[in-house]
Every structure is written in C-alpha cells, then in structure tokens.
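**Student:** Build the 3D model from these lines:
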Amino acid sequence: MAAGAAMVPGTGAAGAEANAWQDAVADGPAEKAHGGYREKVMPRVMPFPMTQVRLLPGIFATEAEYNQKYLDSLDVDRLMYSFRVQAGITPIGKPYGGWEKPDCELREHFNGGHYLSASALAYASSGNESLKRKGDAVVAVLAECQRKNGAGYISAFPTTYFDRLVADQKVWAPFYTIHKIMAGLLDMYIHTGNEQALVVAEGMAEWVGNWSQKLTVEQLQQALTDEYGGLNEVLANLYAVTGKDAYLATARRFEQPVFLDPLAARRDQLKGLHANTHVPKVIGAARMYELTGETRYRTIAEYFLNEVLTERSYSIGNTSNDESWKTGPGELGGQLSFTNAECCVAYNLMKLMRHVASWTGDPHWMDAYERTLFNARLGTQNPDGLKMYYYPLAAGYWKLYHSKENAFWCCTGTGAEEFAKLNDTIYFHDGAGLYVNQFISSELSWPEHKLRLRQETRFPVERGTLLTMKLEQPAKFAVNLRIPAWVAASGSVSVNGKPLEVFAQPGAYLTLTRTWQNGDTVRLTLPMKLHAEPLNGDPSMQSALYGPLVLAGLVGGTAPEDLRVSDEDLPKNLPPAAATPEIQSASATADWVEPVAEGELKFRTTGSGAKMSVVPLYQVTDERYAVYFKAKG
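**Tutor:** Take a look at the predicted model:
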C-alpha cells in the first residue's frame, strides 16, 4: 500500500480482522445464516455487503434504475421457454430471439443465468422486491425442469452437446451456459436467501462432477478448449458456501495448465487468445487462492491483471480487438476498430481488480477500477436499459445497443449484472476503519459502529465529495480516503469546515483517525487536470483524459437510424471507419484540448489540428466520436 502524508496503518488486531472478514464473507442473508467461512486468506480490506450500501440520487442511481426497468419488463414464462421444452414440459408464451432462440446453441445463458444474477444483485443493492419475485419464479421453474431431466441436469439443450466437446466437434460453449445458470442460482441463494436455488445449484454441480470424473485428463482438457466461462469460480464459491470438498475438487479439474502455467511463471503467452474466455479462468484462480492459500494462484491473478492493464489495454481501461488479443504485449498500433473492448471483458476485469485490491489494500487497483468503471462501463447502457457489446475506438463510429427482445448478447447479461451492483465497491473496511474507494453518491450503514455515512457528490462534474457522519454515539475509527493518482496539485481535505494541513501523495489513501461525532463532515477536494496517454505501440496516437475521464472528440454526425439498436452483434452493413482526427502535438499535458467553461465537462480541440467539441466518453449518446487522435509529424 502506498503511503500518504497522514497515513496510519489501517489494520487492527488479527482477531478483529478475522471477525471483520467473516462479516464481509456473508455477502447476503443466506450465507451468513449458513455460517460457513472457509477462506484461508485473510484480506487486508474487504467490501461491505451490498445490503449496507444504497445509491443516492445521481448518475449511478439513474443507471441502476434504467437497468431494473429493463429487467422487470422481461416475462418469466418467455425466459423459461427453452428450459421447459428440453425438460418435456409444455412451454408458455413465445421464446425470446437472438442468442436465446430455441435453435441457438447458447440459448438460456441469459434467461436462466444472467437474469437470475442481475435480479438477485438488484434486490441486494436496492431492495427491488419485484425482481426478487421474478427470480424466485425462475428458480421454481428450473427446479421443476431439473426434476424432469433427472441426475441434476439443467439446461435448454441436450447432454449430447457435451459429447461433442469431448469428440472435438463444433459446439457453442455449453459449459459457459452451465456456469451462468449455476452462478445465477448461487446468487439467488446468497443475496435473497432462496434455499431452493442452492439445492438446484448443488444438483448441477453434482452432474458436472459426475460428467468430468468419467473422462481421462486428456479428454477433459480437450473439452476445456471450448469456452466454459467461470465454471471453476462458481464451483469454488459453492464449496465456500457448503463446505463440500467435492466441489473444490471439481473446480480444480476445470483448470487448464496450458493457460495457467505460463502466467504462474510470469510469461505473457496471451497472443491469439479470446479475451473473455480467459479472464474468468483467472478469476477462478483468484478465488482458489482465497480458499486454499496456494500462492501460485495469487501469482497467476496478479501477473495476469497487471499485464493486461499495462500492456494490452486501451485508455478506457479495457482490452481486446475482435474479442481477442491479436498482438504481443505493448503492440496495439493498428488495433483500433468497431469491435474493440468487448464489454464482458471490462466486467470480468473489474471483478478481478476487486479480488486483488482486497488482498493488497493498494489504492492503485481502485484507481484502475475507477478508470474502467467510468470509461468502459458507464455509458454502455441507454435509457431503455439496452447494452453495448463492443466499445468502438476507431474514429467515426458510435455506440450500438442490443434490441429489447431479439439480441441477448453475452454483454447484455454482464451489463445487466454490472448495473445491478454499482454499489458493491464504493466502500471497503478492515478491523480498524473504512475505506472510501469511489466517489459515488451513496449511503453506508455500518452497524458495528452505529454509523450511517452519507456521501453526497456530483462527481465527476463536481471535483470532490462530501461525507457526513450520522452516529448514535461517538466512535473512534479510521476513515481512509483514496487520493487518486490523477489528482492535481491543489487537492485538499477539511473536517467540519476546517482545512487540514495534511494530505496524501496521489495514489495513496489519506487516513483520518479520530473519535467521530454525530454530524461531523469531511470534504474532499479533488481537482482534475488534462493529460494524454499514447496508444501502446504507437506513441503518435494520443488519447486525452481529464482526471480519470477519457475524452471523446465529436467528429460530426450521428449514428445511422438503422444502426443504433441491433439484433446482431456486428451489423453486416457497417461502414468503414473515418479518418483519425489530427492534433498539433503529442504533449503529455494534452495541450491540444482546452476547457470551454470553468466547472463544466465541456472541452474543445485547439491549435492547427481538427476543430471539434470534446466531452467525456461516457456522455456520448448517438454521436460519432473519436477517442484517439493522430499527432502531426
């Protein structure tokens, strides 16, 4: 952890840490009631349960509402159509389209998986009872289908799909769908207390275990060349909840030495791999580290995450082109397209960042989380709750969203989950105090200290935040404020209106330890500055940032009417990219951009290059835009 001018060690006694960790592991009512705490690794810091954090009015609360309205618009019987058909039960209504069509091999990855997770997370984060009821109804149908299928099996396709995996015959990722269903069921158990969901998930895990035990090592490794999502992670999570060693053993079988061994040796052999196939495998490794204490898993997770973020990511904090890593590390020149930065990848990278941040307590990972959150997640949903698949970074493109009933991409699902849990990483805690990681308008309930902490901010339009303590009685604890690496020199902090002389170095936590009184306030000022980042492998291509915000130049025009919402992940009539706008210099201070008005997130280009308005990327709606600019000469 980086040290700040007022830094005080944030960890308490080992016993206090252990108790705090047990509280944090119980992320929902079911797991807490179960009483199974099986982690072998005590983290430095840990998230509060989502039930203790509520979003207050602001951009994040608005985005969460858009998402919940979309999820609530979907019909349970239509969601369950293909499950019923597979189980020999007469379906009700008509099926949804796109990737959920009855003849699509990936059918029901969203309907039976992502939808359950998103509904459970929305209930935990906001108390949405309607989505909980719908989630309960989905679980009941899945339980009925499982009974009809026998042997614990649930899916919307026959078990012969798995025979095709072993025979090296083409099939679209059946274990990917199995993972999503199991994860959705486990989320319903953990976050809503649905006991039936745990029973169904365990039946699925037993089927997976029996299936995999019948194969030789060679046959199983052949099957694992097909995308299988985070199956190792969900099996590890199921072990954490139940304590049944068989699930942990099955999780180990769903590991690939050919992928993991180079990472354990700190070698980047990612070229040519499909990005979102492999990030979940590393999340599984991170979870195995926490449950087994085997440091090899930690090495894999930390090396991979650092390598992808520093050598293979764009300025928005996400990676991939055409869903893959097409080049070696640090070689992104020529890799700008419509199909950059698959949104699923950002979702999974943020999950991994959250794990690593809990082990280290290093605010660097929360800086990275913020970068991805504001630039690769915020702005990927429209007011109808429809989500993006790719994040185009070549000049002249626009944002394309899925259609309401005839798309259901993988990124529809991860987006639905992401916008259901926007409160899950704002605050962490340890044995001695709390950590303010993200500047998002919200309220935290911390019963152990009889505290309600209210954070009011319009960040990033407002360059800072205000914290107000609501305490039943005075309490002594530490408040650790993340001072981002991007902050300008004039940052400051005040308590009860009185400026403090201390501050932390950018990239550290500023720790304020005192006996807090009811009504105490902390105001944090975080001025931003313009700066530029080159594209890895091509320093002539520059991206401008203001604080953590990637800026987009509005190149003129809007998205074609027929290419704003689509059933297809990549429309067939997509026009070519536009010419990259030119700038006068490649200065690290981004001197080719200037603010239009003080206190507003509006900018324009300057100098002899292209003239255009510039705004934060997350604010772009239907406009054509450019994220990278070409330096003259």
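**Student:** contacting residues around the closest residue to Leu336 other than its chain neighbours?
**Tutor:** Distance criterion Cβ to Cβ, 6 or more residues apart in numbering; nearest residue to Leu336, sequence neighbours excluded, is Ala394 at 4.2 Å. Heads up, the C-betas are built off the backbone N, CA and C, glycines and all. Taking Cβ atoms under 8 Å, 6 or more residues apart in numbering, we find Ala394 in contact with 336-338, 340, 577-578, 580.
**Student:** Let's verify Ala394: helix, strand, or coil?
**Tutor:** Secondary structure assignment for Ala394 (DSSP: H, G, I helix; E, B strand; the rest coil): coil.
**Student:** repeat for Tyr625
**Tutor:** Note that with three-state DSSP, the state of Tyr625 is strand.
**Student:** was I right about it contacting Val550?
**Tutor:** No. Here Tyr625 does not reach Val550: they are 10.5 Å apart, not a contact under Cβ atoms under 8 Å.
**Student:** picking up where we left off before, just put the contacts of Ala394 in JSON lines and tack on secondary structure.
**Tutor:** Converted to JSON lines, these look like this (three-state DSSP):
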{"residue": "Leu336", "secondary structure": "coil"}
{"residue": "Ser337", "secondary structure": "coil"}
{"residue": "Phe338", "secondary structure": "coil"}
{"residue": "Asn340", "secondary structure": "strand"}
{"residue": "Ala577", "secondary structure": "coil"}
{"residue": "Ala578", "secondary structure": "coil"}
{"residue": "Thr580", "secondary structure": "coil"}
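**Student:** Need the residues touching each of Tyr625 and Val550.
**Tutor:** With Cβ under 8 Å, 6+ apart as the test, Tyr625 and Val550 both reach Leu617.
**Student:** what distance separates the helix or strand harbouring Asn232 from the centre of its chain?
**Tutor:** Counting by DSSP states H and E, the element that carries Asn232 is helix 231-242. Centroid separation for helix 231-242 versus its chain: 19 Å, with Cα atoms, centre = their mean, to the nearest Å.
**Student:** who does it touch, helix- and strand-wise?
**Tutor:** Where contact means 3 or more Cβ pairs under 8 Å, 6 or more residues apart in numbering; DSSP states H and E, helix 231-242 is packed against helix 29-34, helix 174-192, helix 195-213, helix 245-253, helix 275-292.
**Student:** Mind checking these for the one nearest to Trp486?
**Tutor:** Trp486 sits nearest to helix 275-292 of all the helices and strands packed on helix 231-242, at 24.8 Å, using Cβ to Cβ.
**Student:** Okay, angle between the helix or strand that comes right after that closest one and helix 275-292 too, please.
**Tutor:** Using DSSP H and E, the helix or strand that follows helix 275-292 towards the C-terminus is helix 295-311. Helix 295-311 and helix 275-292 meet at an angle of 140 degrees, taking axes from the mean of the first three to the mean of the last three Cα atoms, to 10 degrees as the criterion.
**Student:** Enumerate every residue touching Glu417.
**Tutor:** By Cβ under 8 Å, 6+ apart, Glu417 lies in contact with 114, 117-118, 121, 347.
**Student:** Check whether it sits in a helix, strand or coil.
**Tutor:** State at Glu417, reduced to three classes by three-state DSSP: helix.
**Student:** What of the one 4 residues further on?
**Tutor:** Three-state secondary structure (criterion: three-state DSSP) places Lys421 in coil.
**Student:** Just name the shakiest helix or strand of this protein by mean pLDDT.
**Tutor:** Within the chain, confidence by mean pLDDT, DSSP states H and E is lowest for helix 14-25 among all helices and strands, at a mean of 34.
**Student:** and this protein, what are its domains?
**Tutor:** Per automatic domain parsing, the structural domains of the chain span 1-11+426-527, 74-219, 330-425+529-633.
**Student:** average model confidence for the last one?
**Tutor:** Looking back up the chat, that one is domain 330-425+529-633. Averaged across domain 330-425+529-633, pLDDT comes to 95.
**Student:** Distance from it to the middle of the chain?
**Tutor:** With Cα atoms, centre = their mean, you get 16 Å for domain 330-425+529-633.
**Student:** quick one: Ala357 and Asp367 touch, right?
**Tutor:** No. At 10.0 Å, Ala357 does not count as touching Asp367 under the criterion of Cβ under 8 Å.
**Student:** circling back to that earlier point, which of the contacts of Glu417 fall within helices?
**Tutor:** Judged by DSSP state H, helices contain the following of the contacts of Glu417: 117-118, 121, 347.
**Student:** Make a markdown table out of those and add neighbour count and distance to Gly88.
**Tutor:** Output for those, formatted as a markdown table (neighbours: other Cβ atoms under 10 Å; distance: Cβ to Cβ, whole Å):
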| residue | neighbour count | distance to Gly88 |
| --- | --- | --- |
| Ser117 | 25 | 27 |
| Ala118 | 29 | 28 |
| Leu121 | 31 | 32 |
| Tyr347 | 24 | 35 |
